[in-house]
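**Student:** I would like the atomic coordinates for the input below:
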Amino acid sequence: MSIPVSLYERLEQKFGRDEALEIAKMIEDFFDEMDRKAGEIALQKKLELKDELTKELATKADLITARAELEGKIEKVRAELEGEIKNVRTELEGKIEKVRIELEARIENVRIKLESRIDRLDLKLNLLILLVVIVLTVMNPVVAELLKKWFGIH
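**Tutor:** Residues are numbered from 1 along each chain as shown. The predicted structure follows:
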């Protein structure tokens with residue numbers, strides 16, 4: 001860094017040309033040294049700040065690690081949920097099968113009861129028809145003659 005011309009002129013008036021050049025050179029050296037030291041201090045502060053920020057901020061590797069951990073946890077939860085869903089599905093299928101079997105048994109019981117009732121009604125109807133035929137036969141001699149002819153009774 002050079003000193004202003006006005007300062008050099010004042011130094012030359014006060015100390016003379018040789019002395020003024022020497023003092024100006026010393027001042028310039030001083031300014032150069034200060035610039036160099038300021039640069040070193042600035043660089044040192046930059047490095048310190050970078051170190052602090054590096055410690056405080058997450059790095060790309062930190063983010064990758066965190067992502068991998070989260071993906072692992074997500075996969076673990078997904079597997080647990082799939083297992084739970086499978087267990088619930090199996091349990092429900094078992095319950096549904098049990099209800100289906102119970103309903104089939106009830107339907108079969110109702111079918112058996114209905115068949116039994118139908119058989120009894122059929123028997124009663126046959127008895128009634130037989131009774132009507134007997135009554136008609138006993139009460140009507142023409143019907144008796146017809147029945148004899150049909151059954152081949154003489």
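**Student:** Check which element follows the longest helix along the chain along the chain.
**Tutor:** The residue-count maximum for a helix in the chain (DSSP state H) belongs to helix 60-139. Following helix 60-139 in sequence order, the next helix or strand is helix 141-151 (DSSP states H and E).
**Student:** between that next one and helix 60-139, how many degrees?
**Tutor:** Inter-element angle recorded for helix 141-151 and helix 60-139: 120 degrees (by axes from the mean of the first three to the mean of the last three Cα atoms, to 10 degrees).
**Student:** Show me what helix 141-151 is packed against.
**Tutor:** Packing contacts for helix 141-151, counted by 3 or more Cβ pairs under 8 Å, 6 or more residues apart in numbering; DSSP states H and E, involve helix 60-139. In short, each C-beta sits where N, CA and C put it, glycine included.
**Student:** How far away from the center of its chain is the helix it packs on?
**Tutor:** Distance of helix 60-139 from its chain centroid, counting by Cα atoms, centre = their mean, to the nearest Å, is 31 Å.
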